[in-house]
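K.L.:
Model the structure of this input:
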Amino acid sequence: MMGRCHALSKHLPHRAICLAAVMLACCSAAARCDDDFMPIAEAKSLPFGETDRGRPVRIKGVVTLIWRTEENPSRTHLVVQDETEGIWINAGDTFAGDFGGESDQNLDSIAVGCEVEIDGVTSRGGFAPTITPRRIRSVGKKPLPEPLLIEDADFFLGAIDGRRVVVSGVVQGVQKASEGGWLLVMERASRRFVAKVPQDMWEGSPDDLPGALVDATVRLTGVLLSAFNTRGQYLYSRVHAVARDDLVILSPPPSTPFESPYVPLDAIAQFSFKPLGGHRLRTEGTVIYGVSGRFLQVQEGSIGVHVGTQSREAFRPGDRVEIAGFIDRSHNYARLSEAVVRVISHGPAPDPRRLSPAEIIEISRRALRTGQMAKPGDFDGCLIRFSARLLDVEKTTEGSLLSLECEGTNVVARITNDEFIRLPKLAPGCELDVTGVLEVELNRPSAARVEHYDIWDLYTIDRLSLRLRSADDVQVLKAAAWGTARRLAVALAGLAAVLLGSLAWIGLLRRQVAAQSARLAGEMQKRRDAAVEFQASLRERNRLAANLHDTLLQSLAGAGFQLDTCRRAVVRQDLADTSEHLDVARRMLKHAVGELRGSVWALRTMPMAGQSFSDSLTALAAHLGSGHAAKITASSDGEPFEIPNFVAGNLLLVAQEAIRNAVHHGQPKTIHVQIDYDAAAREVTMKVADDGGGFTVGAEVGPAQGHFGVQGMRERIASLGGTLTIDSRPGQGTRVTAVVVTPAYDTQLEESAEEGGKPDTHAYKPGA
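P.N.:
Predicted coordinates for the structure are as follows:
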């Protein structure tokens, strides 16, 4: 009803229009009172902001279209129409999944002609508003709404999207639809649209369908839907028929396509008292180029026409062909589409006309200035030939592009990649003679410019391009001269860039050598300091060990002996209580003696005199394991090499600290020390792993709480230029890993430290 009112509003007086609007509002209000159903026209006219928010609505109407795809048959969409409008319903998997809706019956049982009640929410949709249902209920059968006879303005603007309409037009193409059924390409009022008809519309062989429908005038009844882009902008209309009798042939096509009216090639789409109205025309021309199954380029004199055809026949240049096709006005110059082509004779191909691009542009400009057709022609679609200088070559997936310059005019020549590889090697600056099919691209000025120009200036030439048929269409007249000013400038610029790059690289290399020398000297001094400190500590440890053994150890042993004598005297006097206390004192003294002996052993064994690093580590593990419940083991892997004493000694001290920390804080069952040698890199990796209680790394106590063990380990390894990492988690044990590299000069550093001298750091260079 709204569509009819809109169509008639241009012919009714103002009072009649107002009366019609009041009647429509009353009808809508009455319909709204019917069980509180909202008219579909009202739902579609809601403001976009309200539609986007998903406003709840309740509608009632007749199903006019059901949409299912072969890829996802469960995804079902409906078009429902009431007395006011039609609307798209997003049913199927959206209905079942996103909203948890319900239905009185399976959607598969809903057919065209079912009257349904729908509770749902609105959506903006891709073009027109839609409804996503929460509940669908079928209430019976009802006749389909009467189709609306609409005007072209409404049909080609999508104003009545979702309504049943009846349209007529000429069928210009037929093809199989991917989701089932047939797609018809139709023309109405010189504009094309697509129609979809059901599979059972045609009872005969599918191969006979194009011959029965193409070029026929038909009347089609169906639901009008709009094709749109991602911005929700209208592109073209589609009509979906649902029944066999929705398509009626008003006038059949000619018995053969070549019975169509004949129009000379140079008169296509020109003035006529009796336009063809979308039907086929028949013409003739000589083939100058073609791609099988896609198109032909035909020429007659100075007129060329592009012919779209699905024919798989291999047409050759020089073939004289008869063409039956439809006029396509969607390009700058009229073309023929959906054409049927047959060869009627064969002769030589037309000779290319030698014309420069500047001459072609001047012919068109002269025609525009005088308001007359171009004479002898505009040469679009014709074979032309001219000489040009190559500016550049660009290769793409669709073909190769040659940028040409001829007498100050630039032209782009296109050639397939298969033919491009047959061309001789082309360099910018070479002189070429090219032959190809001319393509003239027109440019229409903006509305602002039209106000200041005559009507004949509406179209101007925007660009000329050339389609090269094969590599034979390109002849090299003169190779590119290497001594041109441009190339000399490029060469000099390249040499200058190389020279500047070389100077910059030399300067960078010098800085890197100086930095490397300074770094190596600093590292050697740091390692020498570590060696000197270790030797000094070692001498002090030996002195302390001797002193403790000769003084404190002997004193404690004598005290133990005296306590033994005292205990025996007390025993003879039968003083039982005194005996018990003295026995405790004796055990404590023995324990102190044992601990002191252990300390003396540690101090005396660090120099590793006469032992390898692995043997010293095994001895350390055995000593620390005595008297503890934890089992302490050591092993090594790789080919051992000589390790300087100050490096090995620091590693032993780190291992000792790690083992003691594990025993005292983790209560492990096992502790294992692993040494890995890499002789080629002179790298030593030491790992101390236990299965104790573990801790959170970073939360352990440190110097602030009076604990210096971990900090001491890190400082020792850092003094050797190595790395120390601690991995631990509560309940998952702890692993301490130390990695140290021992350069070849460590031996000389150690000897120098033992002698109290300074090493000659200048004797060592990077890479030595």
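K.L.:
Using CSV, write out the CA atom coordinates for stretch 429-443.
P.N.:
What follows is the C-alpha trace of stretch 429-443 in CSV, where atoms were taken according to Å, rounded to 0.1, in the frame of the first residue of the first chain:
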residue,chain,number,x,y,z
GLY,A,429,65.0,4.6,-23.0
CYS,A,430,64.8,2.2,-25.9
GLU,A,431,62.8,3.1,-29.0
LEU,A,432,59.9,0.8,-29.9
ASP,A,433,57.4,0.4,-32.6
VAL,A,434,54.1,-1.0,-31.1
THR,A,435,50.9,-2.3,-32.6
GLY,A,436,47.8,-3.0,-30.5
VAL,A,437,44.1,-2.5,-29.8
LEU,A,438,43.4,1.1,-28.6
GLU,A,439,41.3,1.7,-25.5
VAL,A,440,40.1,5.3,-24.9
GLU,A,441,39.1,6.1,-21.3
LEU,A,442,36.8,9.1,-20.9
ASN,A,443,36.5,11.4,-18.0
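K.L.:
Check which element follows whichever strand or helix holds Ile118 along the chain.
P.N.:
Assigned by DSSP states H and E, Ile118 falls within strand 114-123. The helix or strand immediately downstream of strand 114-123 is strand 130-141, counting by DSSP H and E.
K.L.:
That following strand pairs with which strands?
P.N.:
Neighbouring strands of strand 130-141 in its sheet, by DSSP bridges, are strand 86-89 (parallel), strand 102-103 (parallel), strand 114-123 (antiparallel).
K.L.:
among those strands, where is the model least confident on average?
P.N.:
The weakest mean pLDDT among these belongs to strand 102-103, with a mean of 46.
K.L.:
ok so, going back, looking at the strands paired with strand 130-141, which is buried most?
P.N.:
Comparing the strands paired with strand 130-141 by mean neighbour count (mean count of other Cβ atoms under 10 Å), strand 86-89 comes out on top with a mean of 26. Using the backbone N, CA and C atoms, a C-beta is placed for each residue, glycine as well.
K.L.:
from the middle of its chain, how far away would it be?
P.N.:
Computed by Cα atoms, centre = their mean, to the nearest Å, the separation of strand 86-89 from the middle of its chain amounts to 35 Å.
K.L.:
One more: stretch 241-260?
P.N.:
47 Å.
K.L.:
so where's the stretch 51-200 of the chain uncertain?
P.N.:
69-74, 92-106 (pLDDT under 70).
K.L.:
what about the helices in it?
P.N.:
93-97, 152-155 (DSSP state H, counting those that start in this stretch).
K.L.:
In PDB, could you pull the C-alpha coordinates for the shortest one?
P.N.:
This points to helix 152-155. Provided in PDB are the C-alpha atoms of helix 152-155 (Å, rounded to 0.1, in the frame of the first residue of the first chain):
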ATOM      1  CA  ASP A 152      11.100   2.000 -12.500                       C
ATOM      2  CA  ALA A 153      12.200   4.700 -10.000                       C
ATOM      3  CA  ASP A 154      11.100   2.500  -7.100                       C
ATOM      4  CA  PHE A 155      12.400  -0.700  -8.600                       C
END
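K.L.:
what about Glu115, distance to Ile66?
P.N.:
14 Å (Cβ to Cβ, to the nearest Å).
K.L.:
do Arg511 as well
P.N.:
As defined by Cβ to Cβ, Arg511 lies at a distance of 77 Å from Ile66.
K.L.:
Centre of the chain to the strand holding Ile118, how far?
P.N.:
In terms of Cα atoms, centre = their mean, the centre of strand 114-123 is found 39 Å from the chain centre.
K.L.:
Same question for stretch 669-685.
P.N.:
The answer for stretch 669-685 is 46 Å, by Cα atoms, centre = their mean.
K.L.:
Give the rounded mean pLDDT of it.
P.N.:
The pLDDT scores in stretch 669-685 average 92.
K.L.:
Can you list the buried residues in it?
P.N.:
For stretch 669-685, a neighbour-count test (16 or more other Cβ atoms under 10 Å) marks 671-675, 677, 682-685 as buried.
K.L.:
same thing with stretch 228-248?
P.N.:
228, 234, 237-242, 246-247.
K.L.:
Equivalent analysis for stretch 185-192, please.
P.N.:
So, applying 16+ other Cβ under 10 Å, buried residues of stretch 185-192: 185-188, 191-192.
K.L.:
now stretch 287-295
P.N.:
287-290, 295.
K.L.:
Among those residues, which pair sits farthest apart?
P.N.:
Ile288 and Phe295 (11.8 Å; Cβ to Cβ).
K.L.:
Once you drop chain neighbours, what's closest to Pro743?
P.N.:
Leaving aside its sequence neighbours, Pro743 sits nearest to Arg682 (Cβ to Cβ, 6 or more residues apart in numbering; 6.7 Å).
K.L.:
any idea how far Ala216 lies from Met186?
P.N.:
10 Å.
K.L.:
Quickly list what's touching both of these two.
P.N.:
170-171 (Cβ atoms under 8 Å, 6 or more residues apart in numbering).
K.L.:
Just want to know which of Arg511 and Ile66 has more residues nearby.
P.N.:
Ile66 (19 against 10; other Cβ atoms under 10 Å).
K.L.:
Let me see the contact set for the more buried one.
P.N.:
Residues counted as contacts of Ile66 (Cβ under 8 Å, 6+ apart) are 76-79, 110-112.
K.L.:
repeat for Asp52
P.N.:
By Cβ under 8 Å, 6+ apart, Asp52 lies in contact with 123-124.
K.L.:
distance of it from Asn229?
P.N.:
19 Å.
K.L.:
from the buried residues of stretch 228-248, which single one is nearest Leu148?
P.N.:
Comparing those against Leu148 with Cβ to Cβ places Val239 closest, at 11.8 Å.
K.L.:
and the closest one, what does it touch?
P.N.:
Going by Cβ under 8 Å, 6+ apart, the list of residues near Val239 reads 165, 167, 193-196, 220, 222-225.
K.L.:
cutoff 7 Å now
P.N.:
Contacts for Val239 (Cβ atoms under 7 Å, 6 or more residues apart in numbering) come out as 165, 167, 193, 195, 220, 222, 224.
K.L.:
What's the local residue count around the last one?
P.N.:
Meaning Leu224. Look at Leu224: counted by other Cβ under 10 Å, it has 27 neighbours.
K.L.:
Repeat that for the third one.
P.N.:
Phe193 has 21 neighbouring residues, counting by other Cβ under 10 Å.
K.L.:
where does this structure dip in pLDDT?
P.N.:
Low-confidence segments of the chain, defined by pLDDT under 70: 1-35, 69-74, 92-106, 444-460, 482-487, 532, 535-610, 627, 703-708, 747-768.
K.L.:
Got the domain ranges for it?
P.N.:
1-31, 34-145, 149-251, 257-346, 353-478 (automatic domain parsing).
K.L.:
Any chance of these in a markdown table with distance to Asn650 as columns?
P.N.:
Formatted as a markdown table, the domains of the chain follow (distance: least, Cβ to Cβ, whole Å):
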| stretch | distance to Asn650 |
| --- | --- |
| domain 1-31 | 94 |
| domain 34-145 | 68 |
| domain 149-251 | 69 |
| domain 257-346 | 80 |
| domain 353-478 | 64 |
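K.L.:
Much appreciated, bye for now.
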